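Peer 1: have a look at this prediction, sequence included:
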Amino acid sequence: MLVLRSSPASPFGRKVKIAADLLGLTDRLKVDFADTMDPNERLRHENPLGKIPTLILENGETLYDSRVIVEYLDWLAGGGKVIPAGEARFPALRQQALADGILDAALLQVYEGRWRSEDRREAAWLAHQAGKIDRGLAVAEEKLSRPDELIHVGQIAQACALGYLDLRMGGRWRERYPRLVAWLDDFAKRVPAFERTRATS
Ligand SMILES: N[C@@H](CCC(=O)N[C@@H](CS)C(=O)NCC(=O)O)C(=O)O
């Protein structure tokens with residue numbers, strides 16, 4: 001059995017769970033909760049960065065981060081499934097990189113609130129991260145995938161990024177990016193695992 005160290009709210013963990021579902025690997029994957037804040041968590045031995053998701057293989061080796069894990073699962077399923085082969089691979093990987101970057105910026109904003117008291121929060125730093133999210137969403141909206149395009153890791157990552165902005169930022173992106181809203185609705189219809197992996201808190 002593969003063991004995925006993650007938490008219900010982790011958008012990067014969600015990316016792996018959705019990919020595993022699409023690849024028909026859910027039965028081979030056990031999800032094991034990891035608390036990234038707990039200094040005694042064995043996660044810190046499994047992944048020196050103490051980050052989720054981390055995948056523990058059957059031979060005891062660990063893999064991180066989400067990009068490497070999705071690559072591994074795709075390989076396990078025969079290759080070229082959620083990570084396209086050939087030239088189509090690069091726009092898919094770029095879309096993933098953009099979505100992951102939006103998420104990194106959103107997480108930094110969330111961590112600023114979690115780790116710093118209100119009087120120590122840096123407005124300029126928060127605005128710097130907000131700029132990445134806004135510019136990222138604008139480009140994501142410009143480069144929407146065609147409705148008939150096969151589901152790949154770029155789209156999965158994009159859906160997880162938007163889902164995280166809904167969860168932690170009150171869905172404020174929705175007003176400014178209506179075409180992304182429609183895209184996400186369509187994605188959710190095509191990929192039932194998106195709803196199944198939705199976190200509520
Ligand atoms: N690039 C990493 C990002 C993973 C990441 O930032 N995970 C967050 C939770 S969603 C985390 O573990 N945060 C705890 C920490 O940074 O200490 C990936 O793709 O897996």
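Peer 2: Arrived safely.
Peer 1: mind listing the strands for the protein?
Peer 2: Under the criterion DSSP state E, the chain contains strands at 2-6, 29-33, 54-56, 62-63.
Peer 1: in CSV, list those along with mean neighbour count.
Peer 2: No exception for glycine: its C-beta is placed from N, CA and C like everyone else's. Formatted as CSV, the strands of the chain follow (neighbours: other CB atoms under 10 Å):
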stretch, mean neighbour count
strand 2-6, 21
strand 29-33, 14
strand 54-56, 22
strand 62-63, 18
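Peer 1: just send those back as TSV, with mean pLDDT too.
Peer 2: Converted to TSV, those look like this (pLDDT from 0 to 100):
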stretch	mean pLDDT
strand 2-6	98
strand 29-33	98
strand 54-56	98
strand 62-63	98
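Peer 1: and D134, which of those is closest to it?
Peer 2: Ranking the strands of the chain by proximity to D134 (CB to CB) places strand 2-6 first, at 27.8 Å.
Peer 1: what's the closest one packed up against?
Peer 2: helix 11-22, strand 29-33, strand 54-56 (3 or more CB pairs under 8 Å, 6 or more residues apart in numbering; DSSP states H and E).
Peer 1: got any ranges where this structure has weak pLDDT?
Peer 2: Counting by pLDDT under 70, the chain shows no low-confidence range.
Peer 1: OK, contacts around the closest residue to R121 other than its chain neighbours?
Peer 2: Nearest non-adjacent residue to R121, counting by CB to CB, 6 or more residues apart in numbering: E112, 5.6 Å away. Shown in contact with E112 (CB atoms under 8 Å, 6 or more residues apart in numbering): 121-122, 125-126.
Peer 1: separation between E112 and the ligand?
Peer 2: E112 sits 13 Å away from the ligand, going by CB to the nearest ligand atom, to the nearest Å.
Peer 1: likewise for P91?
Peer 2: The spacing between P91 and the ligand, counted by CB to the nearest ligand atom, is 19 Å.
Peer 1: what count of nearby residues applies to the closest residue to that residue other than its chain neighbours?
Peer 2: Counting by CB to CB, 6+ apart, G154 is the residue found nearest to P91 once chain neighbours are left out, at 6.9 Å. For G154, the neighbour count with other CB atoms under 10 Å is 27.
Peer 1: those residues of this protein touching the ligand, which are they?
Peer 2: 10-12, 36, 50-53, 65-67, 100, 107 (CB under 6 Å from any ligand atom).
Peer 1: touching, K132 and I102? I think so.
Peer 2: Yes. Counting by CB atoms under 8 Å, K132 does reach I102; the two are 6.8 Å apart.
Peer 1: neighbour count for the two, which is higher?
Peer 2: A direct count of neighbours by other CB under 10 Å for K132 and I102 places I102 higher, at 28 against 17.
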